[in-house]
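give me a 3D structure for the following:
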Amino acid sequence: MRFPLPVPAAALLLSLALAGCDTLPRIDAGAESATGTPPVLVPLAGILAATDAASAMADPAPSLAARAAALRARAAAMRGLPSDPATRARLAQAAG
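Take a look at the predicted model:
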């Protein structure tokens, strides 16, 4: 038996038809549902004073350079063959 429309297309049309029958929300519904007090705004000066001035002014370049060097050394160590025979055998078997 052959359907006139493929099943996914028919399901899409049915879904769109059902969605068209739904009532749309009112645009001004947000104003009525906003009950209660608004949140309290905190002054920015208090937040900035709480930060540590030394860490905020520290130059991140040395720590980033050290981290990059450590990652490069780790990548160089991973380029070589594995040292234990079991891992080498497993990799050789997986390679074919």
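
and the helices in this protein?
Assigned by DSSP state H, the helices in the chain fall at 7-20, 29-33, 44-50, 53-57, 61-79, 85-95.

and these as TSV, adding mean neighbour count and mean pLDDT?
Every C-beta, even on glycine, is put in place using the N, C-alpha and C of the backbone. Putting these into TSV (neighbours: other C-beta atoms under 10 Å; pLDDT from 0 to 100) gives the following:
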stretch	mean neighbour count	mean pLDDT
helix 7-20	10	84
helix 29-33	8	56
helix 44-50	8	77
helix 53-57	8	64
helix 61-79	9	90
helix 85-95	9	86
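
tell me the contacts of Arg88?
Contact analysis of Arg88 by C-beta atoms under 8 Å, 6 or more residues apart in numbering lists Leu81, Pro82.

and the gap between it and Gly80?
Separation of Arg88 from Gly80 (C-beta to C-beta, to the nearest Å): 11 Å.

can you check Ala94 too?
Counting by C-beta to C-beta, the gap from Ala94 to Gly80 is 18 Å.

Ala49 too?
Taking C-beta to C-beta, one finds Ala49 at 51 Å from Gly80.

and what of Asp22?
From Asp22 to Gly80 the distance is 63 Å (C-beta to C-beta).

again with Ala10
Applying C-beta to C-beta to Ala10 and Gly80 gives a distance of 59 Å.

ok, Thr23 next?
67 Å.

what of Ala68?
20 Å.

likewise for Arg90?
Taking C-beta to C-beta, one finds Arg90 at 16 Å from Gly80.

repeat that for Pro62.
If you go by C-beta to C-beta, the gap between Pro62 and Gly80 works out to 29 Å.

now swap in Ser63 and tell me
Distance from Ser63 to Gly80, by C-beta to C-beta: 28 Å.

do the same with Leu12
Distance from Leu12 to Gly80, by C-beta to C-beta: 54 Å.

same check, this time on Pro43
Pro43 is 57 Å from Gly80, where distance means C-beta to C-beta.

ditto for Leu48
49 Å.

next: Leu24.
64 Å.

what of Ala17?
For Ala17, the distance to Gly80 - C-beta to C-beta - is 63 Å.
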